[in-house]
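*Asks:* Generate a structure from the sequence data that follows.
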Amino acid sequence: MRQDRIHKFTGDQLSRWPLACDNFRALKNVKVREVDAGGLTVKLQFNPARMISSAAKLDKEAIAKRKCFLCRENRPPEQIMMKFEGRKGKKYHILVNPYPIFPDHLVIASDRHTDQSIWRRYVDMLDLARKYQDFTFFYNGPKSGASAPDHHHFQAAPKGLIPLCEDVSRLCDNMIRHCEEPEGQHGNPLKYVTSVQDARLWHYRKFTTGVFVIRSETAKSAAKLFYRLLDCAELKEGESEPQFNLFTYYTGSEFRSIVVFRSRHRSHHYFSDGPDHLTMSPGCADMGGVFIVPVEEEYHKITPELLEEMIAEVSIDRSEEEKIIRRLVRTQPLLEVGIMSAPELEFEILSDGAGPRKAVLREGKIEYDGALYDELYFEAPTLSTQFAGPSFILHGVTIGVNFHWERKEDQKFSGALKIIVEKDKLTAVNIVGVEDYLLSVISSEMSATASEEFLKAHAVISRSWVMAQITSDRCKARAQVPEGVCNVPTLITDLDMRMSAHEDKDEEVTIHEYVKWYDHDDHASFDVCADDHCQRYQGLTRATGKTVRKVMDETWGQVLTYGGQLCDARFSKCCGGRMEVFGTCWEDHDYPYLQALPDTPDHCEDGECFCSTTDKDILSQVLNNYDQETADFYRWREECPREVLSERISRRSGMQIGQLEDIRALERGASGRIRKLLIKGTRKTLIVGKELEIRRILSESHLKSSAFDVRFEEDKVVLEGSGWGHGVGLCQIGAAVMASKGYGYKEILGHYYPGSVLTDINTEENEEI
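*Replies:* Purely as a prediction, here's the structure:
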């Protein structure tokens with residue numbers, strides 16, 4: 001019935017518009033011949049009337065100058081329309097195409113002048129297909145054949161005329177008829193890829209590369225899968241969507257869409273002055289198997305080989321196709337990140353637009369919106385295959401806890417927000433995909449303008465570290481954590497502390513010895529914390545660089561392993577010239593891939609250290625603005641009055657040592673970092689370990705490292721040291737220098753983690769580095 005209405009509408013239009021009438025009449029006399037292209041029988045249509053339409057495809061400057069022929073005020077007075085109501089107030093005018101390729105060829109134009117874009121309009125296309133079930137609707141991207149890229153529009157033609165759609169329908173119908181399962185369809189050109197709810201995606205392996213088919217019972221599921229597919233395709237600089245052509249129709253029981261990804265609009269043949277010249281600008285009709293040839297000589301000279309050459313040039317290549325499929329099927333596990341703890345938390349959930357809200361600790365529960373809760377959970381979808389957008393904001397998050405750059409800022413996060421009670425505070429926990437977490441870590445740990453190879457290396461080690469932590473943590477029952485363990489990120493576990501006291505017979509003082517190290521086991525209610533205690537994580541606040549997204553995408557799922565186990569891939573800002581072993585800083589256990597090697601080319605003892613650079617361009621790529629506040633990272637010096645340091649040690653250790661008399665290293669690691677330090681006072685003597693605890697006691701925040709020598713100058717204590725951080729594993733500044741010298745990320749990883757293997761956790765492929 002609706003097709004009859006369209007047919008009548010077309011007849012009414014042609015009866016009053018001579019130009020359109022002549023072109024539709026000429027359509028009956030066009031020459032058509034069939035050829036094979038990549039296993040699909042396609043049509044060549046000699047249609048000289050389309051020469052005018054092809055010539056109308058102007059450059060951006062010319063488009064801006066000419067009047068838009070789809071705007072109502074610029075249309076010929078003879079042109080009539082039908083109206084169609086889209087979703088969320090979008091409206092369309094259904095028009096007859098005056099330069100037709102098909103009978104009843106329609107244009108469905110937005111009633112407003114707005115750029116050609118599929119974002120938020122695909123559902124309207126689905127609704128059109130459901131309403132006019134005898135038609136196939138198609139969409140040319142703004143750089144994939146659209147004659148009016150400045151005015152949004154679809155097109156439509158009666159079913160049965162587009163070879164690609166017909167072949168896909170035949171294959172889908174056969175699958176339904178024979179009740180074939182998505183996987184294991186031997187010999188079927190449609191290969192199952194993935195699904196979202198009731199929508200399923202297939203890869204069409206005929207005709208050309210980059211062709212995908214969506215089947216869905218509902219428009220909602222189809223839209224989710226469609227936009228997920230677009231997110232997996234390459235987006236060129238300055239463009240709002242990938243290059244593609246789209247076909248959509250409704251069978252009566254399901255929607256079907258065909259997406260053909262493109263690399264360019266025209267092949268070299270269009271611009272050639274030689275015998276291979278073709279006056280063809282492929283759009284939807286062409287990529288659907290109806291190739292419009294406006295020049296008769298070209299119509300006769302086209303061979304299957306020449307046609308396939310042209311198709312291949314405007315299609316994406318095999319590697320890009322494989323990249324899209326890989327992005328669609330890869331996975332990322334979820335991670336629980338403790339962000340902040342406070343008696344009161346202020347946050348915003350972006351999806352509801354309600355603005356800031358508060359959760360307050362009251363009577364051991366969470367007071368929120370007038371009620372008391374044991375736990376709050378605000379859900380947000382985390383796509384397993386792509387980077388998620390922001391879902392909530394936390395206000396007043398402290399970064400650099402107890403370090404010299406400590407400050408507060410508002411931070412934006414993807415994923416879900418969970419608020420729990422931990423003793424006398426509320427803790428905000430972000431439940432996020434590992435890759436989304438790492439996207440932030442890489443941007444938070446350093447400048448997003450750092451070189452790609454350095455960022456790739458850091459992506460791999462950050463992923464390795466966090467996967468090792470959550471794998472280890474989830475092998476333990478959290479209920480077995482002893483009572484008294486602190487749950488906030490800055491506290492340590494009782495299991496990680498050994499403390500003893502004894503009297504020195506030669507000295508009338510008590511010697512207290514305690515050894516602490518800070519590791520991820522401090523967190524009983526989540527996997528990792530958001531500060532430098534684990535890895536610096538600041539949500540989407542700094543995850544803005546395209547380079548970071550690119551390197552995360554290219555290294556997705558890659559980790560370091562040794563002997564089949566995940567590497568505990570530690571890293572620090574600057575090793576100071578030599579790397580440190582694990583046991584100097586944490587428990588008394590060392591790993592063969594974390595060695596005390598010189599940070600020099602080929603680990604030569606007399607080589608120039610990579611991390612000794614003063615190159616501001618390199619340092620600005622590695623360090624965020626607040627990290628650049630620290631200039632003396634390779635060699636540093638600090639002075640403090642003896643009286644001030646005595647008071648500080650007493651206060652930060654919790655033991656009154658009296659007047660400071662001596663500070664002396666008892667044990668050092670290979671890099672010179674102190675693992676046990678004797679601090680002698682007039683009342684008490686302390687033996688302190690390990691590396692981070694030493695740094696904490698001697699400074700109001702943290703010393704840059706524990707690799708220092710001590711000198712007393714009258715009433716002043718002078719510390720002269722090297723490096724910034726614990727020095728175990730990758731040296732960030734050294735790695736950045738390596739990248740600047742042309743080292744690839746695998747070479748960088750091999751330098752800092754000798755003997756390790758690069759493993760893809762999705763494919764389980766291994767590569768020695």
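*Asks:* Please identify which helix or strand holds residue 664.
*Replies:* strand 660-668 (DSSP states H and E).
*Asks:* Of all the residues in that strand, which ones are buried?
*Replies:* 660, 663, 665, 668 (16 or more other C-beta atoms under 10 Å). For glycine as for every other residue, the C-beta is placed from the backbone atoms N, C-alpha and C.
*Asks:* what's the first-to-last distance across stretch 552-561?
*Replies:* Its first and final residues considered, stretch 552-561 spans 18 Å by C-alpha to C-alpha, to the nearest Å.
*Asks:* name the helices or strands packed onto the host helix or strand of residue 173?
*Replies:* Using DSSP H and E, the element containing residue 173 is helix 163-177. Helix 163-177 sits against strand 40-46, strand 190-196, strand 211-216, strand 244-250, strand 255-261, with contacts defined as 3 or more C-beta pairs under 8 Å, 6 or more residues apart in numbering; DSSP states H and E.
*Asks:* Can you pull out the residues in contact with that helix?
*Replies:* Contact with helix 163-177 is made by 40-43, 136, 159-160, 180, 185, 188-190, 204, 206-207, 211, 213, 215, 247, 249, 251, 256, 258, 260, 287-290, as judged by C-beta atoms under 8 Å, 6 or more residues apart in numbering.
*Asks:* Phi, psi for residue 695 please.
*Replies:* Main-chain torsions, residue 695, degrees, to the nearest 10: phi -60, psi -40.
*Asks:* What is the burial count for it?
*Replies:* When neighbours are defined as other C-beta atoms under 10 Å, residue 695 has 23 of them.
*Asks:* That one touches residue 705, doesn't it?
*Replies:* Yes: the criterion here is C-beta atoms under 8 Å, and residue 695 meets it with residue 705 at 6.9 Å.
*Asks:* looking at the helices and strands packed on helix 163-177, which is closest to residue 283?
*Replies:* Set against residue 283 and scored by C-beta to C-beta, those come closest in strand 244-250, at 6.8 Å.
*Asks:* Parallel or antiparallel, which strands does that closest one pair with?
*Replies:* strand 135-140 (antiparallel), strand 255-261 (antiparallel) (DSSP bridges).
*Asks:* What lies in contact with that strand?
*Replies:* 118, 122, 125-126, 128-130, 133, 135-141, 144-145, 159, 162, 164-165, 230, 233, 255-262, 283-284, 287-288.
*Asks:* tell me the average confidence for that strand?
*Replies:* The average pLDDT for strand 244-250 rounds to 98.
*Asks:* can you give me the offset of that strand from its chain's centre?
*Replies:* Centre-to-centre, strand 244-250 and its host chain are 27 Å apart (C-alpha atoms, centre = their mean, to the nearest Å).
*Asks:* All the helices of the stretch 401-550 of the chain, in order from the start?
*Replies:* 434-445, 452-473, 546-554 (DSSP state H, counting those that start in this stretch).
*Asks:* which one of those helices has the most crowded surroundings?
*Replies:* Highest mean neighbour count of those: helix 434-445, a mean of 27 (counted as mean count of other C-beta atoms under 10 Å).
*Asks:* roughly how far is that helix from the heart of the chain?
*Replies:* For helix 434-445, the distance to the chain centre is 9 Å (C-alpha atoms, centre = their mean).
*Asks:* show me where pLDDT drops low in the stretch 401-550 of the chain?
*Replies:* 401-405, 445-446, 448, 472-510, 514, 516, 518-522, 533, 542-544 (pLDDT under 70).
*Asks:* still on that earlier bit, could you dump the helix holding residue 173 to PDB, C-alpha only?
*Replies:* Only the C-alpha atoms of helix 163-177 are listed here, as PDB (Å, rounded to 0.1, in the frame of the first residue of the first chain):
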ATOM      1  CA  PRO A 163      23.000  -6.500  -6.300                       C
ATOM      2  CA  LEU A 164      24.800  -6.300  -3.000                       C
ATOM      3  CA  CYS A 165      21.600  -6.100  -1.000                       C
ATOM      4  CA  GLU A 166      20.100  -9.000  -3.000                       C
ATOM      5  CA  ASP A 167      23.100 -11.200  -2.400                       C
ATOM      6  CA  VAL A 168      23.100 -10.500   1.300                       C
ATOM      7  CA  SER A 169      19.400 -11.200   1.500                       C
ATOM      8  CA  ARG A 170      19.800 -14.500  -0.200                       C
ATOM      9  CA  LEU A 171      22.600 -15.500   2.100                       C
ATOM     10  CA  CYS A 172      20.700 -14.400   5.200                       C
ATOM     11  CA  ASP A 173      17.500 -16.100   4.200                       C
ATOM     12  CA  ASN A 174      19.500 -19.300   3.600                       C
ATOM     13  CA  MET A 175      20.900 -19.100   7.100                       C
ATOM     14  CA  ILE A 176      17.400 -18.600   8.500                       C
ATOM     15  CA  ARG A 177      15.900 -21.400   6.400                       C
END
